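Undergrad: Have a look at this prediction, sequence included:
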Amino acid sequence: MTNAQATADLPSEDTSTMRPAAGPWQIAMRRLLRKRLAVAALVLIAFFYFVGLFAPLLAPSDFRDQNLEETLSGPSWDHPFGTDRLGRDQLSRVIWSARTTTIVTIATVLTGSLILSVGLGMLSGYLGGKVDTVIMRAGEAFGSLPALPMLILINATMRDRVKGWVDNLEGWLSTDQPLFYVIFGVLALIGVAALAAWLLAGSGGRSGAWLALAVTSAGAILALWGVQAVFAMPGASDYFLIFGALSLFFWVGGARVIRSQVLALRETEYVLAARSMGAGTWRIIVSHLLPNVSPIIIVGVSASLGAIAGSEIALTFLGVGVHDPTPSFGALIFDASSQPVIRNHPHLLIAPAIVVGLLIFGFNLLGDALNDVLTPKAR
Amino acid sequence: MNRAVLVILGIMAALVVAVGVLVIIVVSSGDDGETQSGSPNDNGGDSSRTQLRLRGPEPITLDPHIIQDASSALYVVEIFGGLLTLDTNLEIQPDLAVEIPTIENGGKVVNPDGTVTYTFTLREDALFHDRKPVLASTVKFSFERAADPNTRSLVAEFFLGDIIGVTEKLRGEATEVSGIRVVDDKTIEITIDRDLPSFLFKLTYPTAFVVDPSQVDSDDNWTRQPNGTGPYKLKNWRFGERIELEANARYHLGAPIIETVRYELLGSSITLYEAGELDVAGIALDDLERIQDPADPLNAEYRSGSRLSMDYLGFNTNTEPFDDPLVRRAFAMAIDKEQIARAVFQDAIPVANSIVMPGLAAYSEQVQAPLFDPEQARQLLADSSYGGPEGLPEITLAESGTGATAGAGTSAILEMWRQNLDVEVEIQQAESATFFQDVDQGRYQMFTLGWIMDYPDEEDILNIHFDSESPNNNTFYSNPEVDALLREALTEPDSARRIELYQQAEQLILDDVPWFPLFFDRFHALVKPYVNNYLIPPAIVPRLRFISFSSE
Amino acid sequence: MEGLLAYTVRRLLWAPVILFIVSFFAFSITRLGPVDTVDVLAGPRADEEAKERVRQELNLDKPIYQQYGIYMTNLIRHHDFGESQTIYRGTDVWDIIWPRILVSMQPGIVALVIAFSLGTAVGVFAALRQGTWMDPVAISSFLFFQSIPVLVSLPFLVLIFVVKLGWLPAIGWGGPEIDVGPQEVSLGIFSRHIILPALVLSLPGVAGVARLVRATTLAVLGEDYVRTARAKGLPELEVVGRHVLRNALLPLVTVIGLSLTTLLEGAFFVELILGIPGIGQLGFQAAQSRDYDVILALVLIVATAFIIANIITDVAYTFIDPRIRFGAQQGQ
C-alpha cells in the first residue's frame, strides 16, 4: 500500500507520439530484455508466481499442519525458516501465503485492471461525450480517495453480507451442480463454433469478432473453473471481498491511460477508414483499438500488481483481509511484529518480511522498466 | 561498471546513510533530558516518586451499572464504591455503610413472609469526590438507575434481581424499586425476596455502586469525568492512550499512599518496563521463558500467582450443530488440553478440568469434564444426530481479539478438530465490546471466553451461567435437573450440603458440555523492587490504595 | 489567463460533486452494507420494540437518500458526526477523532518536509552528476526504500533502536501537552517520539520526489539560458540555485497529493506498530469493533482533505505551468 506512488507514475497522457507501429510487442520485449535489472525483477516475480501457483505441490507441508512437539524452533535443515508457536513450518506458511497473494493479484487484475479499466477506458475514449464524462468523473471520484480507509470501510461493513452472497453462490457454482456442467458445455460449444467460423471463413473474410468470441468463451470457461475452485476454498468470501473492493480502486489509472490512447487512435486514418467502410463500434474496438493499446495495458497491469499485492497484505495485517486459518503475508508479519516476538523469535519475521520486500521491490523495478520501454518519451 | 552493480551499490549506500542519519539524530537528541512526557523521576531509586505507572487495558465503559468485563471493572472499582466492598482477601467489608448488617447487630431481619430486610447506616464521612455527601436517597437513585431499562444493564437482573421490585422496574412496569426504602438521610432499607447467603456479596459488584445523581442526569458524557466515592478519582482518560487516576485524599477508608496512578493503554509492557517507563508489567508468553530463567536479570522481579479465573469454550446450545450434546462432547473430547498447555503455553497456565476453580469451596478433583479421547470423540460424532463430520453445517468459532491472526491456543484447538474429527472450523474475531454483545445475543455458534469471579461464591459462576432463567446464561443451556440443584444450593444454609449440591450440578453441566473448561488463569508479572504491597488479588477488587514506594 | 480562471472555477465547482458522490457512497455502504446495523446499535438483548425504536431514532426506516440527507444536514449545520456506538459508546465521534487528527498530522508533516528536502537534494545531485555512476546509485538507493513496505521495515527498526539499543522511547507517543477541548494532545513533534514515525514515513517518498526533481532539473539544464549562464562561468552553485532550483521545484507541488496518500496509508501501520494514538489506530479499532459511524466520519474527513489537496495541486499546477514557459522564453 505504501507503494501506491509507483502505480501513479504511469506514463503521462502525452503519449500521442505513439503510432500504431508494426509489432509494438517485439520492440518492447527486446528493449525490456536489454535491461538487466528488469530481467532480474521479471525472473523474481515469475518465480514468486510459480511458487504461488504450485504451492500445494511445493510446500513441504500443509499450512495448518502443527507439530506441537517442535514449536518455535529456529532455522534448521528440516525447517529452513524455523517453526512458529504451533510448530507449523514457516517455509510452508510463506509458500502458501504466496498462493494467497497470487490468487488475489490475478483475480484483481482480471476483474479490475483488465475488464474494468480496459473496458471503461476504451468505451470512454471511443464513445466520448456523456459516457466519457460519466466514466471519467466516476474515476476521478474514486481516484481522489485514499484507497486504504475506503477498503477498510468496505471490508469492515460488507463482510457478513458478502459471506452470505458467497455461501449462496457457492451452492450454485459447485461441481455438485448439474447446471454447472450445462453452462460449461454451452460455453465450450460457443467457443468451438466461433473458432470454426473463424477458420472456415477463409483468409479473406476472417473477422476478428469470431476469434474474439472464441477467446472470450475460452476465457469464460477458465474463469468459471477458477471461480469454482476459489469458492471451494475455505475463506472464499474473504477473497471475493478483497478483490472486489480492490478492483473498485485499481481501474482508474489504467482506464485513464487507455482512454487517452484511444482518443489519439480514434482519429487515425485507418480507424476512420474502417468506420467509413461500415465497421461497427465493437468491431473497431476489438480488432483495431485493442491490439494497439495492449502495450499500455501491460504497463498498467504490471504497475498495479505491486500495489494490489501490497494492499492485500496491508488489509490482512489490519484484520480486514483474509482471515485465519488462510495464510497471508499480512498475517505472518502481524504475528511476528509484536515486540515480544521480534525480540525472542526474530526468525518468524525475517522470512516473510524479506519475501514481501523483494516482491514489492521487484514489482516496482519492473513497472519502472516497462514504463521506460513502452513510453518512447525521452527521460 | 554496469547498471545492476551500481544499483546494488546504491542500496548499500542507502542503508549506510539511513543508519548514519539515525545514529546522528539519536545521539544528538540523547541527552536533552526529555526522555518521555509527563512522568517525572522515572529512573533510579528516587525517594520523591509519587506516580505508579502501569500498563492497562482500555475500558469499554466506566459506567459501573452496565459493565460486565474485567478490563472496565479494573478502573471502576477504584473510582466508585458501594455500600459494601471486598478486601484483597475477598472478604466483605463495609464501604459506604458503617457496618455489615447481620442478625446479631440487628441489620438483617427475616420477615414473617420469608423476605429479608437489610438496614444499612451510611457513614457520616461518606463523600463523593466533589465532597457532596452520599445520602440514602443517592443510594436509592443509583439502584433504580441500574435497574432502569434505559440503562440497558445486562447484569442488573443477576446482581440486583433479588431485591423486591427490581424485576418490575427492569421490565418497565414500575417507576420505583419497592424493596428499597429511604428511612432517613443516612439510613436505607433493602428488602430481598428470600434469605440468600450470597446476597451481600452481590452488593460488592459495580452494578450496586453509587453514582452522583446530579452529574448523571445533567451530563451525557459523565463517564469521562465521573464523580464517584472510590479511593481514586479519574484525572484524565485519553482515549486509546492513557488513563490517569488521582488519589482521593479524603477517602473514608483511608487515603491512598500513592498520589497518581497512570495506566498506559498502548505499547509493549515489557519493553516499557525495561526502559524504566513502567513500575509493573505483565509478561507476554514469548518473554516468559526468558524471565523464568534464574540467570536473567529480571528474574528477581518476577511474580506469579493464581486468580479465580478460567478460560472456556462455550457452545451455543440453541444453534446447529451444538444443539446435540453428543456433538458438543465430541468436540470437547477431541481437544488435548495437556499438550496445548505444555507446547503452546509452556505450562504458563494450568489445565482446567472443572468449571469451579481451585480456591472455591466446591472445587473437587472428582468433578471432571470429558477427557481427551480422539477415538471416542469420533465415535460420538458418528453417533450424533448429524451422523459424522459430513453431516455438520459450517462451523465458526468466535473469539475476542483484533488483528490478523487468532490466538495460538485457538488455532491449536482448530487443528486438533481437523486432525481428530476431520472437521474444518473457521475463526471469527471481534473486538471485545462487540464480542461480548454478540455472545450475549447468541450470535455465535461457539466462542472462547474467560470468566473471572466477582466474589468467591459458586453462585457467581454456576447460577449466573447455567440456570436456564439467568439472563447471563450465554450458552442458552437448559436442564431442569441442573436448575433445581442450582436453585436449591442458592438458598441452602448448610455449607457442606451446599457444596454437595453445587458439585452434583457441576458434574451434570460438565457432562452436557455447554461450557468446556480449558485453562485456569495465572498471572505472570514483573514488579520493580521499590514497589511495596503490589497485591494481585484473585478477583478484581480495590487495591491501589495499599501500594507504596519504598524510599530506599 | 481567462482559461486558467475558467479552469479554476470549474475545478472548484466540481469539488462538491465529487464530495457528494464519495459521501453518498460511503454513507450507503455503512447503512446498507452491514447485516446487523440495528443489532449493533440497539445493544444486546434488545427486543423487537427496542430495535424499532433505534430504527426510528436513527431514521433507518427511511429510504437511504433521506437518511443521507439527515446525516449531512446534521453534519453541516451542527458539525455532528453522530455518536460512537461501540468503542466509546455514546461519545461524540468528532470529540474522538479531532485529537487523533492532531496527533497523526505531526509525523505526517515532518515526514513531508524530510521527503521533500531530501528528495530535492538527491534529485538535483543526480541530475548534475548525470552520466556518472553517482546518478543511478543515488536514485536507485532511494527506490529501494520506496519498495520496502512500512510494515516490513518498521518492526526491524523497532527491534534495533527500541528493543536492542534502547535509543528511542518505548512509548509510542508523548511530549509537551496542549489542551484541545475534548482532551489533551501530546506534541510528539518536540520530542524523540517523532523520530521513528517521521523517518519511516518519509523514506518511501524520497525516491518519487528525487526522480521528478531529477527529470525537471535535466530539462532545465538543457535550456539555452542555463547553458549560457554556465558558459558565462557563473559558479555551479549559483546556476543551480538561481535558475535550476526555482524552475525545477514548481512541478513538485503536484506530488503533494500523492504523498498524502502514502503518508496516510503508512500512518495505519506506523501507528499500530509503534502505538501512536492517531487516526490510523482509531480506524483499526473502529473497523474491528464495527463502529460504523466512526469509520464513516474518518473516511469523510480524510476524503475531504484529499479532494481539497487535489484541487489545490491541480490549480496550482495550472498556474505554475505557464510561468515556467514564460520564464524560459524570457531567458532566451
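TA: Looks like it came in fine. The structure presented is a predicted model; accordingly, all values stated were derived computationally and were not measured.
Undergrad: distance of the residue most central in space within chain C from B:Phe322?
TA: Residue closest to the mean C-alpha point of chain C, counted by C-alpha atoms, centre = their mean, is C:Leu260 at 2.7 Å. Here the distance between C:Leu260 and B:Phe322 works out to 49 Å (C-beta to C-beta, to the nearest Å). Placement of C-beta: from N, CA and C, glycine included.
Undergrad: and if you look at A:Val257?
TA: For A:Val257, the distance to B:Phe322 (C-beta to C-beta) stands at 54 Å.
Undergrad: So if I had to pick from the two, which one is more boxed in?
TA: Neighbours per residue, other C-beta atoms under 10 Å in any protein chain shown: of A:Val257 and B:Phe322, the larger number sits with A:Val257, 25 against 21.
Undergrad: wait, doesn't the more buried one sit right on A:Ile296?
TA: Yes: assessed by C-beta atoms under 8 Å, A:Val257 is found in contact with A:Ile296 at 5.5 Å.
Undergrad: A:Ala255 touches A:Ile115, doesn't it?
TA: No: using C-beta under 8 Å, A:Ala255 is not in contact with A:Ile115, being 10.8 Å away.
Undergrad: The two: who's more crowded?
TA: Counted by other C-beta under 10 Å, A:Ala255 and A:Ile115 do not tie: A:Ala255 has more neighbours, with 29 against 14.
Undergrad: Identify the residues contacting the closest residue to that one other than its chain neighbours.
TA: Leaving aside its sequence neighbours, A:Ala255 sits nearest to A:Gly121 (C-beta to C-beta, 6 or more residues apart in numbering or on different chains; 3.7 Å). A:Gly121 makes contact with A:Gly254, A:Ala255, A:Arg256, A:Val257, A:Ile258, A:Arg259, A:Gln261, A:Val262, A:Val293, according to C-beta atoms under 8 Å, 6 or more residues apart in numbering or on different chains.
Undergrad: Repeat that for B:Tyr251.
TA: Taking C-beta under 8 Å, 6+ apart as the test, what B:Tyr251 contacts is B:Gly230, B:Pro231, B:Arg545.
Undergrad: okay, these in a markdown table with distance to chain A, pLDDT and secondary structure next?
TA: Listed next are the contacts of B:Tyr251 as a markdown table, based on distance: C-beta to the nearest C-beta, whole Å; pLDDT from 0 to 100; DSSP: H, G, I helix; E, B strand; the rest coil:
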| residue | distance to chain A | pLDDT | secondary structure |
| --- | --- | --- | --- |
| B:Gly230 | 33 | 93 | coil |
| B:Pro231 | 32 | 94 | coil |
| B:Arg545 | 31 | 91 | helix |
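Undergrad: Kindly indicate which of those residues lies nearest B:Ile355.
TA: Distance ranking of those against B:Ile355, using C-beta to C-beta, places B:Gly230 first at 31.1 Å.
Undergrad: Tell me how far the closest one lies from chain C.
TA: B:Gly230 sits 21 Å away from chain C, taking C-beta to the nearest C-beta, to the nearest Å as the criterion.
Undergrad: Look up how far C:Ser140 lies from the most centrally placed residue in chain B.
TA: By C-alpha atoms, centre = their mean, the mean C-alpha position of chain B lies nearest to B:Ala70, the distance being 2.3 Å. Computed as C-beta to C-beta, the B:Ala70 to C:Ser140 distance reads 53 Å.
Undergrad: Return the members of the contacts of B:Tyr251 classed as buried.
TA: By neighbour count, with 16 or more other C-beta atoms under 10 Å in any protein chain shown, those hold B:Gly230, B:Pro231, B:Arg545 as buried.
Undergrad: now those as TSV including distance to B:Arg53?
TA: Converted to TSV, the buried ones among the contacts of B:Tyr251 look like this (distance: C-beta to C-beta, whole Å):
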residue	distance to B:Arg53
B:Gly230	20
B:Pro231	18
B:Arg545	16
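Undergrad: Run through the helices of the stretch 151-300 of chain B in chain order.
TA: In the stretch 151-300 of chain B, the segments counted as helices under DSSP state H, counting those that start in this stretch are B:156-160, B:166-170, B:199-202, B:213-218, B:269-274, B:285-292.
Undergrad: Need the winner for burial among the ones you listed.
TA: Stretch with highest mean neighbour count among the helices of the stretch 151-300 of chain B: helix B:156-160 (a mean of 25; mean count of other C-beta atoms under 10 Å in any protein chain shown).
Undergrad: Quick one: check that one for contact with chain C.
TA: No: Helix B:156-160 lies out of reach of chain C by C-beta under 8 Å from any C-beta of the partner chain, never closer than 9.9 Å.
Undergrad: Residues touching that helix, excluding its own?
TA: With contacts defined as C-beta under 8 Å, 6+ apart, helix B:156-160 is touched by B:65, B:143, B:146-147, B:166-167, B:170, B:202, B:205, B:207-208, B:464, B:470-472.
Undergrad: what two of those are the furthest from one another?
TA: Maximum distance among these (C-beta to C-beta): 19.9 Å, for B:Phe143 and B:Ser470.
Undergrad: Tell me which of those two has more neighbours.
TA: When B:Phe143 and B:Ser470 are compared for neighbours, B:Phe143 comes out ahead with 30 against 18, by other C-beta under 10 Å.
Undergrad: what about the helices of the stretch 151-300 of chain B, which gets the closest to B:Thr317?
TA: Nearest to B:Thr317 among the helices of the stretch 151-300 of chain B is helix B:156-160 (19.3 Å), distances taken as C-beta to C-beta.
Undergrad: Extract the C-alpha set from that closest one and format it as PDB.
TA: Extracted as PDB, the C-alpha positions of helix B:156-160 are listed here (Å, rounded to 0.1, in the frame of the first residue of the first chain):
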ATOM      1  CA  ALA B 156     -28.600  -5.700  36.900                       C
ATOM      2  CA  GLU B 157     -31.000  -8.600  36.900                       C
ATOM      3  CA  PHE B 158     -28.500 -11.100  38.200                       C
ATOM      4  CA  PHE B 159     -26.900  -8.900  40.800                       C
ATOM      5  CA  LEU B 160     -29.900  -6.900  42.000                       C
END
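Undergrad: roughly how far out does it sit from the chain middle?
TA: 17 Å (C-alpha atoms, centre = their mean, to the nearest Å).
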